[in-house]
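*Asks:* Build me a structure from this.
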Amino acid sequence: MPESQIFDKDGSAFSNIQESSCIQQVRYACSIGALYSASAIPRVVPITHCGPGCADKQFMSIAFYNGFQGGGYGGGAVVPSTNLTEQEVVFGGINRLRELIASTLKILDADLYVVLTGCIPDIVGDDVGSVVKEFQEKGIPIVYAETGGFKGNNFTGHELVTNAIIDQYVGDYDGPKEKGLVNVWSLLPYHNTFWRGDLTEIKRILEGIGLKVNILFGPKSQGVSEWKKIPKAQFNLVLSPWLGLKTAKHLKEKYDQPYLHVPVIPIGAKETGEFLHKVMEFAGIRSGDAERFIKEEESDYYHYLEEFSDFYSEYWWGLPAKFAVIGDSAYNLALTKFLTNQLGLIPSKQIITENPPEEYRDKIREQYRKLAEDVSTDVEFEQDSYTIHQKIRQTDFGYKPPIIFGTTWERDLAKELKGSLIEVGFPSSYEVVLSRSYIGYRGALTLLEKIYSTVISASA
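*Replies:* As a prediction, this is how the structure comes out:
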């Protein structure tokens, strides 16, 4: 941060201070927001050991104001919480946690309980592991993850939770691998507005080429029984720019499982076909049925596009020439690829907002430099909405108003620029999302419907 000086009455420098800064209109939650990673697994209940309001705030921001998704098996906003006060800050909250876990076991029936800690117990040094171990020794399926806010955001917390479940619940394994079984690590549950539909489409297309899929989260997951099968998988698939890589590397070390990293989540026939062929090559699939599945999906996809092209060419409902994408790296990269390669739009400003670890950023930048054979662009990493909006205002979108793929925070900005807004990320407060997907073959058609409906309605 830049340095400032405070001057005494006589004008002499009194002291040097560091200017403080804040993030306006946040786009992620703190690490304990990973309680939704636990909730996204069927019949898993999170238990939060934190101050009052922490778990409730995560619900209001991540689940309620982001597509109105609801709260999962454990009850959403009313997940069990110790609601720590000043007394626990001074004397510790171990006894309170022990009582809460015992009460939760009596009231909530679950296949697995996941204890997540907030800032207070992590700072004062509560030995949460020893309390959880007491219940583990009684045969209770329970794990814990230290997810104090200073550990990072809910992306960081997500991998803390997944690794906790793997180490403390799935455990050691030294048996054979099952050919054709794959573990999928991809979008962040609940934080990604369309995660349910997207994971469903990922599972569908992978099964279409003959794989058996541990999707792990969402309505198509078999719950903890799927997690127990993680060590048996032939390989792990990381389908995101960076989220899930840490988990896959851990599994490589723990179970000697190879992993395939595909940084671009596929949207549309071209990207999805290329993605499936990469997976087939890695998995050793040489199947006529797999190729037939891809051809049939592509045939259906292009049939709908052909029908749509008549409407597009006759009525000239053209899109703006240039676009901006503001959001987490997974959707940002996927949308930029699709809009550039398949709709022929020009990327003007791409801003990634989830604060990816520095170690992954150069690899992410590389993906934007090779969007197509003759198209490359730069990407920026920014968390503060004030700065983001200033960058968008300063962008040259040409003579047409832009189309912005962003969040609720961009609604006023889009009006100011007389552009169109497609809400594709957190927070999305003007969308109700049940099972919608924007990826794969079917999701791409839904995305096209959304894009053109938005542009057309703006002219009505």
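*Asks:* residue nearest the centroid of the chain?
*Replies:* Leu188 (2.6 Å; Cα atoms, centre = their mean).
*Asks:* need the contact list for the residue nearest to Leu421 when sequence neighbours are not counted.
*Replies:* With sequence-adjacent residues excluded and distances taken as Cβ to Cβ, 6 or more residues apart in numbering, Leu421 is closest to Ala414, at 3.9 Å. In this view, the C-beta of every residue, glycine as well, is placed from N, C-alpha and C. The neighbourhood of Ala414, defined by Cβ atoms under 8 Å, 6 or more residues apart in numbering, consists of Ile404, Gly406, Ser420, Leu421.
*Asks:* which SS class is the residue nearest to Thr407 when sequence neighbours are not counted?
*Replies:* Leaving out its chain neighbours, the residue that sits closest to Thr407 by Cβ to Cβ, 6+ apart is Gly425, at 4.9 Å. The assignment at Gly425 comes out as coil when based on DSSP: H, G, I helix; E, B strand; the rest coil.
*Asks:* can you start the count at 285 instead of 1 from here on
*Replies:* All set: I'll call the first residue 285, so the last point we hit is now Gly709.
*Asks:* mind listing what Gly709 touches?
*Replies:* By Cβ under 8 Å, 6+ apart, the contact list for Gly709 reads Arg311, Asn476, Thr477, Ile610, Gly611, Asp612, Tyr615, Thr637, Gly690, Thr691.
*Asks:* Out of those residues, which is nearest to Glu666?
*Replies:* Thr637 (6.6 Å; Cβ to Cβ).
*Asks:* residue contacts, that closest one?
*Replies:* Here Thr637 is in contact with Arg311, Tyr312, Ile610, Gly611, Asp612, Phe665, Glu666, Gln667, Ile672, Gly709 (Cβ under 8 Å, 6+ apart).
*Asks:* Quickly list what the residue nearest to the second one when sequence neighbours are not counted is bridged to.
*Replies:* The shortest distance from Tyr312 to any residue that is not its chain neighbour, by Cβ to Cβ, 6+ apart, is 4.3 Å, and that residue is Asn437. Listed by DSSP bridges, the beta-bridge partners for Asn437 are Cys314.
*Asks:* Report pLDDT for Asn437.
*Replies:* Model confidence at Asn437, expressed as pLDDT, equals 92.
*Asks:* and the gap between it and Val546?
*Replies:* 23 Å (Cβ to Cβ, to the nearest Å).
*Asks:* Of the two, which one has the most company?
*Replies:* Asn437 (21 against 18; other Cβ atoms under 10 Å).
*Asks:* Would you confirm that the more buried one contacts Arg311?
*Replies:* No. Between Asn437 and Arg311 there is no contact under Cβ atoms under 8 Å: 9.2 Å.
*Asks:* Need the residues touching each of those two.
*Replies:* Overlap of the contact sets of Asn437 and Arg311 (by Cβ under 8 Å, 6+ apart) consists of Glu638.
*Asks:* Quickly find the element holding Ile331.
*Replies:* strand 328-333 (DSSP states H and E).
*Asks:* Quick check: mean pLDDT of that strand?
*Replies:* On average, strand 328-333 scores 94.
*Asks:* who's in contact with that strand?
*Replies:* 316, 319-320, 322-323, 338-339, 357-358, 363-366, 368, 377, 381, 384-385, 388, 392, 394-402, 405, 410, 412, 507-508.
*Asks:* hey, C-alpha coordinates of stretch 577-586 in CSV?
*Replies:* The C-alpha coordinates for stretch 577-586 follow below in CSV (Å, rounded to 0.1, in the frame of the first residue of the first chain):
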residue,chain,number,x,y,z
PHE,A,577,-22.3,-40.0,-28.5
ILE,A,578,-20.2,-37.0,-29.4
LYS,A,579,-21.5,-36.9,-33.0
GLU,A,580,-25.2,-37.2,-31.9
GLU,A,581,-24.7,-34.4,-29.4
GLU,A,582,-23.0,-32.2,-32.0
SER,A,583,-25.8,-33.0,-34.5
ASP,A,584,-28.5,-31.9,-32.0
TYR,A,585,-26.5,-28.8,-31.1
TYR,A,586,-26.0,-27.6,-34.6
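*Asks:* Residues contacting it, please?
*Replies:* Ile489, Gly492, Ile493, Gly552, Ala553, Thr556, Gly557, Leu560, His561, Tyr725, Ala728, Leu729.
*Asks:* in it, what's buried?
*Replies:* Buried residues in stretch 577-586, counted by 16 or more other Cβ atoms under 10 Å: Phe577, Ile578, Glu581, Glu582, Tyr585.
*Asks:* Distance from stretch 712-726 to the middle of the chain?
*Replies:* Mean-position distance between stretch 712-726 and its chain equals 14 Å (Cα atoms, centre = their mean, to the nearest Å).
*Asks:* Ends of that stretch, what's the gap?
*Replies:* Using Cα to Cα, to the nearest Å, one end of stretch 712-726 lies 21 Å from the other.
*Asks:* can you pull the buried residues of it?
*Replies:* By 16+ other Cβ under 10 Å, the buried positions in stretch 712-726 come out as Ser712, Glu715, Val717, Arg720, Ser721, Tyr722, Ile723, Gly724, Tyr725, Arg726.
*Asks:* what domains does the record give for this protein?
*Replies:* Domains of the chain are assigned by automatic domain parsing as 315-454, 462-567, 601-713.
*Asks:* Can you name the secondary structure element that comes next after the lengthiest helix in the chain?
*Replies:* Counting by DSSP state H, the longest helix found in the chain is helix 572-599. Going down the chain from helix 572-599, the next helix or strand is strand 606-611, by DSSP H and E.
*Asks:* and that next one, what other elements does it pack with?
*Replies:* Helices and strands touching strand 606-611, by 3 or more Cβ pairs under 8 Å, 6 or more residues apart in numbering; DSSP states H and E, are helix 613-625, strand 630-636, helix 669-677, strand 687-690.
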